[in-house]
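K.L.:
Turn this into a model:
(one chain, ligands or ions: 2)
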Amino acid sequence: MRLLKHRERERERERDMGQEVYLPLFETKAAEGRVAYKLYSLSVFVGIFSIWVFRASHLPPAETERGRRWGWIGLSMAELWFSFYWFLTQFARWNPVYRSTFKHRLSQRYEKELPGVDVFVCTADPTIEPPIMVVNTVLSVMAYDYPPEKLAVYLSDDAGSELTFYALLEASRFAKHWLPFCKKLKVEPRSPAAYFSNVRRDDQEPLGDGSEYRSSVKKIYEEMRDRIDIATRLAQISSDVQNEHKGFREWDSVSSSHNHAAILQILIDGRENKVVGIENHDKLPTLVYLSREKRPHCHHNFKAGAMNALIRVSSKISNGPIILNVDCDVYSNNSESVRDAMCFFMDENKGYEIAYVQYPQSYNNLTRNDLHGICLRVLNEVRHSLCAWTGYNNFLNFLIDSHTFRSKSPVPKMSSYFWRLKLHRNRGIKVDLAAMDANGGPCYIGSGCFHRRESLCGMKYDRKECGGLDQWRKEMDKNEKQSAIVLEDRCKVLASCTYEDNTQWGREMGVKYGFPAEDIITGLSIQCRGWKSIYFNPERKSFTGVAPTTLLQALVQQKRWSEGQFQIFLSKYCPFIYGRGRIPLNLRMCYAIYALWAPNCFPTLYYVIVPSLFLLGDVSLFPEITSLWILPFTYVLIAKYGCSLAEFVTCGGTPQGWWNEQRIWVFRRTTSFCFAFLETIARQLGFTKLEFVVTAKVADSEVYQRYLQETMEFGSPSPMFTVLSTIAMINLLSFIWGLKRMIMDANFGVLEQLGLQIVLCGVIVLINWPVYQGLFFRRDKGKMPFSVIYKSVMLAFLACSIALYLV
Ligand SMILES: O=c1ccn([C@@H]2O[C@H](COP(=O)(O)OP(=O)(O)O[C@H]3O[C@H](CO)[C@@H](O)[C@H](O)[C@H]3O)[C@@H](O)[C@H]2O)c(=O)[nH]1
Ligand SMILES: [Mn+2]
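P.N.:
Ligands and ions are numbered 1, 2, ... in the order given. Model prediction:
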């Protein structure tokens, strides 16, 4: 605190003397073109409003058209919901802000005082999360461009697998080659697998020496990879290897992955860096393996439990004030991310209130057109138009910095004017910063997020108590001086099953328990304790993971997410209620967008089924195509989808990719969200227990080939597929029926009455194209299983006959 005041005073003095302008470590900029966006969204709102007017004024009479009246009412309700939901989404679009950092200022001011960072990597199953992938992630975060003595990497292995431990041991040895190599050649990305698979042939030539160095490291990596792969395939470790490290002895008492004592091994002790004689480039970060205690009768709370064990154990070993959390497949793709994050935490003006810095996640296995619509391109990347601006601005600021640091030297007159202009502009940005930071910040999405330890542990934001730099410095000195072996023994208690009994862990402390989306709820409660958060999306992607490669995996993942969010909505943490008075209204609205994913399923199901069924009975639910009321419908559709297509393409996507994304939204809404809704309700009523289906990070090679060719995979008899194919069948039947009526009836009447409905049905048929292929045309193993075909045909016929009878 004192130091801070001293600095502030110093700066003030300098400012008074006209020497220095306060230079922040990061800046915030509002998106451009927002006025245009607001006009656009206003026009869509007018369209939506006209649709309501139409629905209300054209309600069919109860006496003569009973069936049509009910269909109409249902459709109006669905449209009301969509309008409400659209309205909510506008909160997330209204005023986006973008951040940029000034890392050179950070090193100028704080290079010697950078705080410690503890990185947590979580893994849960060596078969679907192969050890070689896990250690690549570990190596990538060990190789951050950050002082190694300040970095500690913890691997939590919920499977308690000897194979993963073995892989980590190999990685700890390989790190001695890999880290100096990365730092010397400044390679990116620093996951060896990603790096070596990306290096192009021509890259190697001009480097001369570097190329030899690279091939030698590559060879060492490949040897290690092969050893790990062989061990994984055989699922055993030879006794020779086992004798090499005392850690393997811990497995003598392990009976299964669900029943064992805590295992803790410090594989590299970073404190040894201080030993005299260790050269700078030989320093390695601390590396720890942890498998918390598991007992059949104790609930382990999935990833949240693992994170909390890591928080406690790391507090005794390295106690870094900043914690980075990544999933085991999410490697660091940008070695500067830690420094970027520090620019936020250490900013003298704003840093104190920031609890976490969230990076977006990118994927390294997406196909060209992103078959499963995984990457949420637009959500992550609305910043693009700003890239050029940011680069230019960084350059300017660099000039300003170097100028102010040489401020004694006289500046030529002309350029003096120029400088003043720029300096002035820089001040303007500071004002922006205050105005734009009002939103409160993004949610925590589980991976690629830097946390302030104290806020993650449950502390309330309090300007006076947030020590920041001063306190961090004290904590560093307090670190344990015990030997690694003693520490290992002492820390095991912290990772035991019973440690959390009768404590606040999982409630007020650490990551929250009881939700399938522990990340979102944890982030929300941190914000409700008064903290701010930051979303940072630098040009070079910071974290890269593995996207699910089959449709079912993608849908199941979405189900877990929407289930988690919806459960938050139903809990006492409901953003509308819990957040009142704690976080700003627009932030609550943004949370609500996600919390209400699941209930979206009903209006969507209604929209894709009912109008098509009514088509079978020649009953119209939309305006005639010659009527003027058709205008709001077409305008809203064209404006909404036109804008989304434009956004998608400007964010670097392909039109086909956009189409795939629209398809996956329909699939998600009709399956994942629907199952999530039902399951959440069942759980609230006590019928089912919470589970966490870990997403597979590898696929069988045939399946993977089909994924690469962008062929959808339907090859398992899941109820989700039954729903998808039933909907597809109903629409196909209705569409054929509609076409037949149109052709047979030479007069214009059918088209006029049912035109829009036939178009809607046609679009649904087009969306479902891959489903028809899976149902009727494909011969490979990824086609729809017979049982699914059988059930969906029966269901579709049943639905159609009921409809014909009722309508
Ligand atoms: O009992 C468990 C289950 C999972 N995990 C780990 O949690 C991570 C996330 O699991 P994954 O199956 O990859 O889920 P995703 O849907 O890809 O993950 C997102 O969503 C999760 C919440 O639903 C968050 O926990 C993740 O951080 C976030 O990236 C993985 O590293 C797992 O190894 C554990 O450590 N223990
Ligand atoms: Mn994942």
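K.L.:
you'd agree Val153 is in a strand?
P.N.:
Yes: assignment of Val153 by DSSP: H, G, I helix; E, B strand; the rest coil places it within a strand.
K.L.:
neighbours of it, just the number please.
P.N.:
Val153 is flanked by 33 other residues according to other Cβ atoms under 10 Å. (Each C-beta comes from the backbone N, C-alpha and C, glycine too.)
K.L.:
measure it to Ala171 for me?
P.N.:
Relative to Ala171, Val153 is positioned 10 Å away (criterion: Cβ to Cβ, to the nearest Å).
K.L.:
Which neighbours do those two have in common?
P.N.:
Both Val153 and Ala171 are contacted by Val138, Leu287, under the criterion Cβ atoms under 8 Å, 6 or more residues apart in numbering.
K.L.:
Need the per-residue pLDDT for the closest residue in space to Gly762 that isn't next to it in sequence.
P.N.:
Nearest residue to Gly762 in three dimensions, chain neighbours excluded: Phe735, at 5.7 Å (Cβ to Cβ, 6 or more residues apart in numbering). Looking at Phe735, its pLDDT is 95.
K.L.:
again, but for the one 3 residues further on
P.N.:
The pLDDT attached to Gly738 in the predicted structure is 91.
K.L.:
element containing it?
P.N.:
helix 719-744 (DSSP states H and E).
K.L.:
Same check on Tyr356?
P.N.:
Applying DSSP H and E, one finds Tyr356 within strand 354-358.
K.L.:
related to what we said a few turns ago, packing partners of the helix holding Gly738?
P.N.:
helix 551-570, helix 601-616, helix 673-684, helix 749-767, helix 769-772, helix 786-806 (3 or more Cβ pairs under 8 Å, 6 or more residues apart in numbering; DSSP states H and E).
K.L.:
Adding distance to Phe576 and mean pLDDT as columns, could you present those in CSV?
P.N.:
CSV is the format used below for the helices and strands packed on helix 719-744 (distance: least, Cβ to Cβ, whole Å; pLDDT from 0 to 100):
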stretch, distance to Phe576, mean pLDDT
helix 551-570, 8, 95
helix 601-616, 20, 95
helix 673-684, 17, 96
helix 749-767, 32, 92
helix 769-772, 37, 96
helix 786-806, 36, 92
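K.L.:
is it possible to export those helices to JSON lines including distance to ligand 2 and mean neighbour count?
P.N.:
Listed next are these as JSON lines, based on distance: least, Cβ to the ion, whole Å; neighbours: other Cβ atoms under 10 Å:
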{"stretch": "helix 551-570", "distance to ligand 2": "7", "mean neighbour count": "23"}
{"stretch": "helix 601-616", "distance to ligand 2": "23", "mean neighbour count": "21"}
{"stretch": "helix 673-684", "distance to ligand 2": "17", "mean neighbour count": "20"}
{"stretch": "helix 749-767", "distance to ligand 2": "27", "mean neighbour count": "19"}
{"stretch": "helix 769-772", "distance to ligand 2": "24", "mean neighbour count": "19"}
{"stretch": "helix 786-806", "distance to ligand 2": "27", "mean neighbour count": "15"}
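K.L.:
Quick one: closest of the ones you listed to ligand 1.
P.N.:
Across those, ligand 1 has its closest neighbour in helix 551-570 (4.6 Å, Cβ to the nearest ligand atom).
K.L.:
next SSE after that closest one?
P.N.:
Scanning onward from helix 551-570 (DSSP H and E), the first element met is helix 575-578.
K.L.:
So what touches that next one?
P.N.:
Taking Cβ under 8 Å, 6+ apart as the rule, helix 575-578 contacts Leu524, Cys528, Ile568, Phe569, Lys572, Ile583, Arg588, Tyr591, Ala592, Ala595.
K.L.:
which parts of that helix are buried?
P.N.:
Pro575, Tyr578 (16 or more other Cβ atoms under 10 Å).
K.L.:
So which bits of stretch 664-675 are buried?
P.N.:
Under 16+ other Cβ under 10 Å, the buried positions of stretch 664-675 are Ile664, Trp665, Val666, Phe667, Arg668, Arg669, Thr670, Thr671, Ser672, Phe673, Cys674, Phe675.
K.L.:
Would you agree the last one is in contact with Met720?
P.N.:
Yes: counting by Cβ atoms under 8 Å, Phe675 sits close enough to Met720 to count as a contact (6.7 Å).
K.L.:
Now do the contacts for the nearest residue to Leu555 once chain neighbours are set aside.
P.N.:
Taking Cβ to Cβ, 6+ apart, and ignoring the residues beside it in sequence, Leu555 has Ser672 as its nearest neighbour in space, at 4.7 Å. Ser672 sits next to Leu555, Val556, Gln558, Lys559, Ser562, Met720 when contact means Cβ under 8 Å, 6+ apart.
K.L.:
How about Val556?
P.N.:
By Cβ under 8 Å, 6+ apart, the neighbours of Val556 are Ser672, Val693, Thr695, Met720.
K.L.:
By neighbour count, which of these wins?
P.N.:
Ser672 (25 neighbours).
K.L.:
so what pLDDT did Trp419 get?
P.N.:
In this model, Trp419 carries a pLDDT of 34.
K.L.:
quick one: the residue nearest to Leu555 from Glu454, how far?
P.N.:
Distance from Ser672 to Glu454, by Cβ to Cβ: 36 Å.
K.L.:
contacting residues around Asn259?
P.N.:
Counted by Cβ under 8 Å, 6+ apart, Asn259 has contacts Lys294, Arg295, Pro296.
K.L.:
What subset of those residues is buried?
P.N.:
Of the contacts of Asn259, these count as buried by 16+ other Cβ under 10 Å: Lys294.
K.L.:
Have a look at the contacts of Asn259 and tell me the least confident one.
P.N.:
Pro296 (92).
K.L.:
Tell me the secondary structure of that one, please.
P.N.:
Applying three-state DSSP: Pro296 is coil.
K.L.:
List the contacts of it.
P.N.:
Contacts of Pro296 (Cβ under 8 Å, 6+ apart): His258, Asn259.
K.L.:
re the thing from before, for Met742, find the nearest of the helices and strands packed on helix 719-744.
P.N.:
helix 749-767 (5.3 Å; Cβ to Cβ).
K.L.:
quick one: Leu267 is in a helix?
P.N.:
No: Leu267 sits outside any helix when classified using three-state DSSP, being strand.
K.L.:
Would you mind naming what in the stretch 251-400 of the chain lies close to ligand 2?
P.N.:
Within the stretch 251-400 of the chain, the positions near ligand 2 by Cβ under 5 Å from the ion are Asp327.
K.L.:
Which single residue in the stretch 251-400 of the chain comes nearest to ligand 2?
P.N.:
Residue of the stretch 251-400 of the chain nearest ligand 2, by Cβ to the ion: Asp327 (4.7 Å).
K.L.:
who's in contact with that residue?
P.N.:
Neighbours of Asp327 in contact, by Cβ under 8 Å, 6+ apart: Val121, Cys122, Gly446, Ser447, Gly545.
K.L.:
What residues are bridge-paired with it?
P.N.:
Asp327 has these beta-bridge partners by DSSP bridges: Cys122.
K.L.:
pLDDT wise, what is it at?
P.N.:
pLDDT, read off for Asp327, is 97.
K.L.:
which one of the contacts of Asp327 is nearest Val44?
P.N.:
So of the contacts of Asp327, ranked by how close each gets to Val44 (Cβ to Cβ), first place is Gly446, at 32.4 Å.
K.L.:
Give the closest residue to the closest one in space, chain neighbours not counted.
P.N.:
Gly446 sits nearest to Asp519 (Cβ to Cβ, 6+ apart), 3.5 Å away.
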